[in-house]
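> below is the structure, and that's it, no one-letter string:
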């Protein structure tokens, strides 16, 4: 990698960390918000759903903006507006205003993913490895936020956790604004299937892309449902003590321990995506997440944390693969828009998992949330098998045509 590629990975990694840190702060302080306003899992799940839907909905216009104005400008806009929205969340005086501020924060933070992923896809040579490092940073945001935000919330109140996230976004916005990164295109990725000029073969890629988008909706549904209620599940069913810590902080700590395994998964997943057939890796990863989800629904104590760690490892190991699949089946000039649709499916439509999970938790109990998500995982296995069959036939036709 040259210096420009390293800078791109560094800045996108920082923005990716903050994007997920902002996203997961509500889950980390969810119990404290519920205690302050006297609301249960259904209302809290609905609030998380509103934020997540906004977070995903912005992906569509963000994809267009990434193609039109460039990723660097979009970074700065995303970070500055996220800092302002986080401050509004922190100073919200009522539950309706808090929900509105969370929606605004979702709209601003959701600008990031199409910009960052399309920039990496276009401007780096070892795309799978670059996406792996990028994913590691995002996973650190996912993993460390329950500990950091939960700890800040326990000590200073949940509003301070949002002020902390907003301050980091503001600082990174200034760093990116005064830096130099080039957005020139790297040489074409050797495994790419999509032609730059579209044509008849371009039309034949629509069905694989639809399957990839559908698979990402399922992975997003599983992700949103699991991370929204994992800290609360561990607090209520983990039965773990840590040096007489506050229960919220202790739950955040053990959630962080579990999710840190996702960092290792992202790193290994990036190297796998660079070396092996992507569709086959997708099938293996889909199969691997179902057993840990079932165990999370049945286990308690240390075994619950172990199951959550196994889920995080395999779930996030698959992300570089699915992110690479979008680039592989999309012409380079349309990758910003394609990533916009991709993340809208994951973070937008998939956001309804928060509301659905809240209703399941309130009616049947938190363990059933993870049992239902395991069922969604079975659907993901079937869809990735279909994608493998479909793309194998496509590659065979291309081989015959080339011959």
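Great, that's in hand. Worth saying up front: this structure is predicted, and the values here are computed from it rather than measured.

> going forward, measure contacts and count neighbours with C-alpha atoms only.
OK.

> ok, residue 276 - how many residues close by?
For residue 276, the neighbour count with other C-alpha atoms under 10 Å is 12.

> do the same with residue 328
Neighbours of residue 328 using other C-alpha under 10 Å come to 22.

> cool, and residue 37?
Using other C-alpha under 10 Å, residue 37 has 10 other residues around it.

> just residue 208 next, same as before
Neighbourhood size, residue 208 [other C-alpha under 10 Å]: 19.

> which element is it on?
Following DSSP states H and E, one finds residue 208 within helix 206-237.

> for that helix, packing partners?
Counting contacts by 3 or more C-alpha pairs under 8 Å, 6 or more residues apart in numbering; DSSP states H and E, helix 206-237 is packed against helix 3-37, helix 247-275, helix 301-317, helix 319-328, helix 335-343, helix 352-364, helix 366-402.

> in this structure, where is pLDDT below threshold?
The model of the chain has pLDDT under 70 over residues 1-2, 122-128, 180-204, 238-249, 252, 332, 398, 400-403.

> measure how the helix holding residue 208 sits relative to helix 352-364, angle-wise.
Going by axes from the mean of the first three to the mean of the last three C-alpha atoms, to 10 degrees, helix 206-237 is angled at 40 degrees with respect to helix 352-364.

> ok and helix 206-237 relative to helix 3-37, angle-wise?
For helix 206-237 and helix 3-37, the angle between their directions (the same axes, to 10 degrees) works out to 50 degrees.

> returning to what we had before: of all the helices and strands packed on helix 206-237, which lies closest to residue 158?
Among the helices and strands packed on helix 206-237, helix 3-37 comes nearest to residue 158, with 5.8 Å by C-alpha to C-alpha.

> list the buried residues of that closest one.
Using 16 or more other C-alpha atoms under 10 Å as the test for burial, helix 3-37 gives 4-5, 7-33.

> next one: stretch 279-286
Quick answer for stretch 279-286 (16+ other C-alpha under 10 Å): 279-283, 285-286.

> can I get these in a markdown table including distance to residue 346?
A markdown table is the format used below for these (distance: C-alpha to C-alpha, whole Å):
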| residue | distance to residue 346 |
| --- | --- |
| 279 | 18 |
| 280 | 21 |
| 281 | 19 |
| 282 | 16 |
| 283 | 18 |
| 285 | 17 |
| 286 | 15 |
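
> for those, which one is nearest residue 232?
Residue 232 has its nearest neighbour among the buried residues of stretch 279-286 in residue 286, at 25.1 Å by C-alpha to C-alpha.

> mind listing what the residue lying closest to the closest one once chain neighbours are set aside touches?
Spatial nearest neighbour of residue 286, excluding adjacent residues (C-alpha to C-alpha, 6 or more residues apart in numbering): residue 381 at 5.1 Å. The contact partners of residue 381, taken as C-alpha atoms under 8 Å, 6 or more residues apart in numbering, are 283, 286-287.

> including secondary structure and distance to residue 167, could those go into JSON lines?
JSON lines is the format used below for these (DSSP: H, G, I helix; E, B strand; the rest coil; distance: C-alpha to C-alpha, whole Å):
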{"residue": "283", "secondary structure": "helix", "distance to residue 167": "40"}
{"residue": "286", "secondary structure": "helix", "distance to residue 167": "37"}
{"residue": "287", "secondary structure": "helix", "distance to residue 167": "40"}
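
> isn't residue 23 right up against residue 106?
Yes - applying C-alpha atoms under 8 Å as the test, residue 23 and residue 106 come out as touching, 7.5 Å apart.

> which residues touch stretch 348-367?
40-50, 52-57, 217-222, 224-225, 228-229, 233, 296-298, 368-369.

> counting neighbours, which bits of that stretch end up buried?
Buried positions in stretch 348-367, judged by neighbour count with 16+ other C-alpha under 10 Å: 348-361, 366-367.

> nearest to residue 307, of these?
Distance to residue 307, by C-alpha to C-alpha, is smallest for residue 367 among these, at 12.5 Å.

> how close does that closest one sit to residue 69?
Using C-alpha to C-alpha, to the nearest Å, residue 367 is found at 45 Å from residue 69.

> do the same with residue 280
Separation of residue 280 from residue 69 (C-alpha to C-alpha) stands at 35 Å.

> try residue 342
Residue 342 sits 20 Å away from residue 69, going by C-alpha to C-alpha.

> compare these two (neighbour count), which wins?
Neighbour tally, residue 342 and residue 69, criterion other C-alpha under 10 Å: the higher count belongs to residue 342, 29 against 10.

> in space, what's closest to that one - neighbours in sequence excluded?
Spatial nearest neighbour of residue 342, chain neighbours left out: residue 213 (5.4 Å); criterion: C-alpha to C-alpha, 6+ apart.

> relative to residue 56, how far out is the one you found?
Distance, residue 213 to residue 56, using C-alpha to C-alpha: 13 Å.

> what about these two, which has more around it?
Neighbours per residue, other C-alpha under 10 Å: of residue 213 and residue 56, the larger number sits with residue 56, 28 against 23.

> now the helix or strand hosting that one against helix 366-402, angle please.
Using DSSP H and E, residue 56 sits within helix 41-57. In terms of direction (the same axes, to 10 degrees), helix 41-57 departs from helix 366-402 by 20 degrees.

> for the next helix or strand along the chain from helix 41-57, packing partners?
Beyond helix 41-57 in the direction of the C-terminus, DSSP H and E gives the next helix or strand as helix 59-68. Here helix 59-68 touches helix 71-90, helix 112-123, helix 335-343, going by 3+ C-alpha pairs under 8 Å, 6+ apart.

> go again with 10 Å.
Applying 3 or more C-alpha pairs under 10 Å, 6 or more residues apart in numbering; DSSP states H and E, one finds that helix 59-68 contacts helix 71-90, helix 95-109, helix 112-123, helix 335-343.

> which strands and helices sit next to the helix holding residue 56?
Using 3+ C-alpha pairs under 10 Å, 6+ apart, helix 41-57 sits against helix 3-37, helix 95-109, helix 112-123, helix 206-237, helix 335-343, helix 352-364.

> for residue 306, find the nearest of the ones you listed.
Comparison of the helices and strands packed on helix 41-57 against residue 306 by C-alpha to C-alpha identifies helix 206-237 as nearest, at 11.2 Å.

> can you lay out the helices and strands packed on helix 59-68 as a markdown table showing distance to residue 309?
Converted to a markdown table, these look like this (distance: least, C-alpha to C-alpha, whole Å):
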| stretch | distance to residue 309 |
| --- | --- |
| helix 71-90 | 29 |
| helix 95-109 | 26 |
| helix 112-123 | 25 |
| helix 335-343 | 24 |
